[in-house]
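Chemist: Sequence and computational prediction follow.
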Amino acid sequence: MIAEAGLVALWLGAALCALQLVLTILTLRTPLVLSEVEGRVASASPGARASTSLSTNGEEMGPDGAMLAKAIRPVAVAQGLLTCLAFALLILLFIRVDLSVLLVAQNDHSEKPFLYRFAASWGNHEGSMLMWVSILSVAGAAVAVLERRLNERTLIATLGGQAAIALGFYAFLLFASNPFARLTPPAMEGQGLNPLLQDPGLAFHPPTLYIGYVGLSVAFSFAIGALVTRDVGPAFARAMRPWVLGAWIFLTIGITAGSYWAYYELGWGGWWFWDPVENASLMPWLAATALLHSVTVLATRDGLRAWTVMLGVVAFSMSMVGTFLVRSGILTSVHAFAVDPRRGSFLLALLALYIGGALVLFALRVGTVREGSRFDALSREGALVLNNLLLTVILGIVLVGTLYPLILEGLTGDKLSVGPPYFNSAAGPLALLLCMAMVAGPLMRWRREDVRPLLRRLAPAAALVVVALIAIKLFAPPIGLLPLLGLGLSFGIGLGSIEPLFGRNLRRTPLFTWGMVVAHFGIGVALAGMACDSAFTVEKLVAASVGETIPVGPWRVKLASVTPGFGPNWTSMESTLEVERGGAPRTLRPQARYYWAPPTETSESAILTVWNGQLYTVLGSQAEGGRWQLRLWWKPFVTLIWAGGGLIGLGGFLALIGRLLRERRSAKNRELYA
Amino acid sequence: MSARRRPWLLWVPLLGFILLATIFVIGLRKPDDPSITSKMIGETIPAFALPAATAGVQGLASADLTTGTPHLVNIFASWCVPCAGEAPQLEALARNGVPIVGIAIRDRPDDVAGFLTRYGNPYARIGSDTTSKVQIAIGSSGVPETFVVDGKGVIRLQKIGPIMPEDMADVQAALVAAR
Amino acid sequence: MATRMKAKHQRLTLALLAVAALIGAALLAMSALKDQAAYFYTPSDVGRDHLAPGRAVRLGGMVTKGSITKLPDGVTIRFLVTDGAATVPVRFSGIVPALFKEGSGVVADGRFDATGLFVADQILAKHDERYMPPQVAGAMHKSDSIETGPKAKALK
């Protein structure tokens, strides 16, 4: 019965979603009394801080409109609750291993530990789509409950946009990927005991990324709402910003965690492979990062109106494109889901409907959005425009590189692979340029900046870069140009990013400024990690006899023994490595594992983390003469990559808290002075 | 004020998306059409001779496929989960008198025997391809896959993935056409 | 940097800038692709096209029976890759994937040296039970590697 209940909850959710859309359309069609006029005034007012929130509950609309509008919020909330119920029921089915449900029989197993039965519910196509829809409607419900700043009509249009997106994905679930389909007769045992997928990182990585992907739908809906009501202004931007920030934080954390997972799990010593699935998560992040910055220009200075709306559309579009690429099977990847061209066509139709529809709306409506305030080329706005352009270009490069094999095969039949060399050489220099703009931007004034004072402010960071470059050239082994520039620049970023705090009372500095500083500093930290990894990594590939000692970087690694071992469904050869660099020896145990169902061979790397890097060890197969293949890496400061990623996420979090606190305080002030 | 100015510029994003969607459509059509995936359709099956996959069955050679009647060549493996899913459909075809021969990929005799006991044995012959060599040669890239081979040994149809009840009509039609 | 933007045209300027940036991205991407993308070659293609040494290439074919030799260092192997029509010698240092064996399909990333030896950086393990790179399956079909004799059809 649980499965049926889940299906009913899903259908009810879809019905409410349709109702939400209908209500929106009816509401927006009722004649306006005040709101549009007021909205126009608000978006036309040039003084950003002067425009106040226009949110008053529905009274601007005609009596019918007001009634309808009142119903929309509860409907959105109920819809969110229903999808959550459906998802909870699916999880319950997986935990109870109900083998009369097809999806459970395919992906679950009674011998799985609890955690992985739990996580198995979203480790498959149908379950993850249900999760996608749940997050989508919960985001809609959250907007309905929490959002009080936005002009009511724009808010209603936003909720309508959210409903329109959700409706398509409901249809996709119900008609093309029903997670609750029954299996008669029930299976004797589930098929989902793939040991390779039993990893805590893999269990909780997807939800984080999904919240990020789908969270961007809110920005998309905001953009739609704003285009429908032509209300693009600072109030709109301030309302949208926390949602974008929230989604962006989850994306950042998801990408960082995913990178570390690939690093320790794949055993290739790399942390980013430019795999299509990785790119599918990077592209929304790039767009969201651009959006995050342009929305700030719109909120603070009322500039870049059309562009911000555009980015709102693009960011979630990239999420959808990524989902499509991963699930349609048109690109082969290590991580791709099972291929089903029919599902691909369904998703492509949704893509065409939403992205195409939004872009048509954009083309038709944005011309009537009045131009925002202007600014000098040399100003903080100018720097943010540069940031946006560079992010967009990098996004374009990643997109082209990801799709190029597909395009070429379609056009000429030639087959090729586009790998790291392309992405590094095309996007790398631009990323460095972007980092420079990132240091300069926060040191500029809004509207207008003069060259001399700016140069004076930039001088310390620039000097540090020069000193660092010279020092690296003199004291470090020769390294490639890109890592050299990256490493030098990372010092400048480190100093330059904290410079906005100089001369300020640190206790009175707003939390969101701290957030910006921390996030930018995190970029510098991550960049330093990437540069160190590619410049200073020492790799050793040897066939060693037991008892032999291999030097790698500052370390001496002794192969102490190799012993057979076994687990529930594998046998292994486990090596014991005694490693030391002048201190007490430590022990590492990399394994080569052989699973028999399905027959797979994996290497379980063993990693030693010390303050200045990681020693990464992999055991290969046996060579002649009783020797064992060992692959060893000494990776100085590689950990900075993920530490930087964590700082970027933390910075976003601080900014989010800071913005929300400020909103609350100013709302209180308004009440006081009203 | 801007409505009159350079409206074409506003359509550039849409244009870009249409381009992208076109690429996706091309990409989607590719796996949709199996005649593109297989380069061996219309070609004679390459010569091979495989030993029996388990005790009590006969091995399979290309000569067994040029007997004048069309055959169904089923690429399967005991470790392959979808292969069990298509077993009822193969049973049904065998009951209707369709000669089915199997090629077990990277399999062990005991496992094959277990698979046959559990899911039934619709096969007239089963060859064991432990290195996937024959599999690659006839244009198969995974399990399960099924080929319709006519009486002269020419490959007429390739079905990638398990034969589901809804695929039965296609397979039977191809068998009739191959006669 | 530029002086004050002509205020009147700022919006248009920004829009054009965005379009220019995207075109720039496309051009940059295309030029980088020309240099950096690794084309997929079979041994027959290699013989025909005379590849420049040092260029990133993906080589696909089948490991010739009896051709794998282990070098004394214990981590380097040499073997021959064939598509039935032509053969290419390959050298690889590293840990080979489990399913790499004589007579089975292989995809190697790497480059040719001046002597015509293919030096592989990576051997792809994707040829497992469930999955084979479509390139291998496709290329193999084209040159009919087994016993039907080489037809050596050109890769388009």
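Modeler: Yes, it's here. Small disclaimer: the values here were computed from a predicted structure and weren't measured.
Chemist: Find the helix or strand that C:Leu80 is a member of.
Modeler: Using DSSP states H and E, C:Leu80 sits in strand C:76-82.
Chemist: How about the helix or strand that that strand is followed by, which residues are buried there?
Modeler: Sequence order places strand C:87-93 as the next helix or strand after strand C:76-82, per DSSP H and E. Buried residues in strand C:87-93, counted by 16 or more other C-beta atoms under 10 Å in any protein chain shown: C:87-88, C:90-92. All C-beta spots, glycine's among them, are computed from the backbone N, C-alpha and C.
Chemist: before we move on, which element is C:Arg11 in?
Modeler: helix C:10-36.
Chemist: Which elements pack onto that helix?
Modeler: Here helix C:10-36 touches helix A:305-328, helix A:380-411, helix A:420-440, helix B:7-10, going by 3 or more C-beta pairs under 8 Å, 6 or more residues apart in numbering or on different chains; DSSP states H and E.
Chemist: And for the strand holding C:Leu80, what's in contact with it?
Modeler: Residues outside strand C:76-82 that contact it (C-beta atoms under 8 Å, 6 or more residues apart in numbering or on different chains) are C:43, C:59-64, C:67-71, C:87-93, C:96, C:102, C:106, C:108, C:118, C:145.
Chemist: and the angle for it with strand C:87-93?
Modeler: Orientation check (axes from the mean of the first three to the mean of the last three C-alpha atoms, to 10 degrees): strand C:76-82 against strand C:87-93 gives 160 degrees.
Chemist: So, low pLDDT: which residues of the chain?
Modeler: This is for chain A. Applying pLDDT under 70 to chain A picks out residues A:31-65, A:192-197, A:329, A:331-341, A:596-600, A:674.
Chemist: that answer is for a different chain, and I need it for chain B
Modeler: B:1-6, B:30-40, B:81-82, B:141-142.
Chemist: where exactly do the strands run in it?
Modeler: Taking DSSP state E as the criterion, chain B carries its strands at B:49-50, B:60-61, B:71-76, B:100-105, B:125-129, B:145-149, B:155-160.
Chemist: Could you dump the ones you listed into CSV and include distance to chain C and mean neighbour count?
Modeler: Converted to CSV, those look like this (distance: least, C-beta to the nearest C-beta, whole Å; neighbours: other C-beta atoms under 10 Å in any protein chain shown):
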stretch, distance to chain C, mean neighbour count
strand B:49-50, 10, 17
strand B:60-61, 12, 22
strand B:71-76, 11, 26
strand B:100-105, 7, 26
strand B:125-129, 11, 24
strand B:145-149, 11, 25
strand B:155-160, 10, 20
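Chemist: measure B:Leu60 to chain A for me?
Modeler: 23 Å (C-beta to the nearest C-beta, to the nearest Å).
Chemist: Test my guess that that residue contacts B:Ala104.
Modeler: No - under the criterion of C-beta atoms under 8 Å, B:Leu60 is not in contact with B:Ala104, lying 9.5 Å apart.
Chemist: Please enumerate the shared neighbours of those two.
Modeler: Both B:Leu60 and B:Ala104 are contacted by B:126-127, under the criterion C-beta under 8 Å, 6+ apart.
Chemist: got the domain boundaries for chain A?
Modeler: If you go by automatic domain parsing, the domain ranges for chain A are A:1-198, A:538-636.
Chemist: State the number of residues packed around the closest residue to B:Pro109 other than its chain neighbours.
Modeler: Using C-beta to C-beta, 6 or more residues apart in numbering or on different chains and skipping residues adjacent in sequence, the residue nearest B:Pro109 is B:Thr54, 4.2 Å away. B:Thr54 has 20 neighbours, counted by other C-beta atoms under 10 Å in any protein chain shown.
Chemist: again with C:Met30
Modeler: Neighbours of C:Met30 under the rule other C-beta under 10 Å: 12.
Chemist: ok, and the closest non-adjacent residue to it?
Modeler: Closest to C:Met30 by C-beta to C-beta, 6+ apart is A:Val400, at 7.6 Å.
Chemist: and if you look at A:Glu604?
Modeler: Excluding the flanking residues, the one nearest A:Glu604 by C-beta to C-beta, 6+ apart is A:Gln591, at 4.1 Å.
Chemist: still on that earlier bit, for B:Pro165, find the nearest of the helices and strands packed on helix C:10-36.
Modeler: Closest of the helices and strands packed on helix C:10-36 to B:Pro165 is helix A:305-328, at 24.4 Å (criterion: C-beta to C-beta).
Chemist: Which of the three states applies to the residue most central in space within chain C?
Modeler: With distances taken as C-alpha atoms, centre = their mean, chain C has C:Arg58 as the residue nearest its mean C-alpha position (1.7 Å). C:Arg58 falls in the strand class when you classify it by DSSP: H, G, I helix; E, B strand; the rest coil.
Chemist: Please verify my assumption that it contacts C:Thr42.
Modeler: No - in this structure, C:Arg58 is not within contact of C:Thr42 by C-beta under 8 Å, at 10.2 Å.
Chemist: Who does the strand holding C:Leu80 pair with, and is each partner parallel or antiparallel?
Modeler: strand C:57-63 (antiparallel), strand C:69-70 (antiparallel), strand C:87-93 (antiparallel) (DSSP bridges).
Chemist: Identify the residues contacting A:Leu395.
Modeler: A:283, A:286-287, A:290, A:318, C:25.
Chemist: I'd like to know how far it sits from A:Val326.
Modeler: 17 Å (C-beta to C-beta, to the nearest Å).
Chemist: Equivalent analysis for B:Gly151, please.
Modeler: B:Gly151 is 43 Å from A:Val326, by C-beta to C-beta.
Chemist: so how far is A:Gly233 from A:Gly382?
Modeler: Separation of A:Gly382 from A:Gly233 (C-beta to C-beta): 21 Å.
Chemist: Identify the residues contacting residue 171.
Modeler: No chain was given, so I picked chain A. Neighbour list for A:Ala171: A:Ala14 [criterion: C-beta under 8 Å, 6+ apart].
Chemist: That was the other one, I meant chain B.
Modeler: Contact analysis of B:Val171 by C-beta under 8 Å, 6+ apart lists B:72, B:93, B:146, B:148, B:157, B:159, B:163.
Chemist: What of A:Ala219?
Modeler: Counted by C-beta under 8 Å, 6+ apart, A:Ala219 has contacts A:240, A:243-244, A:247, A:288, A:291, A:312, A:315-316.
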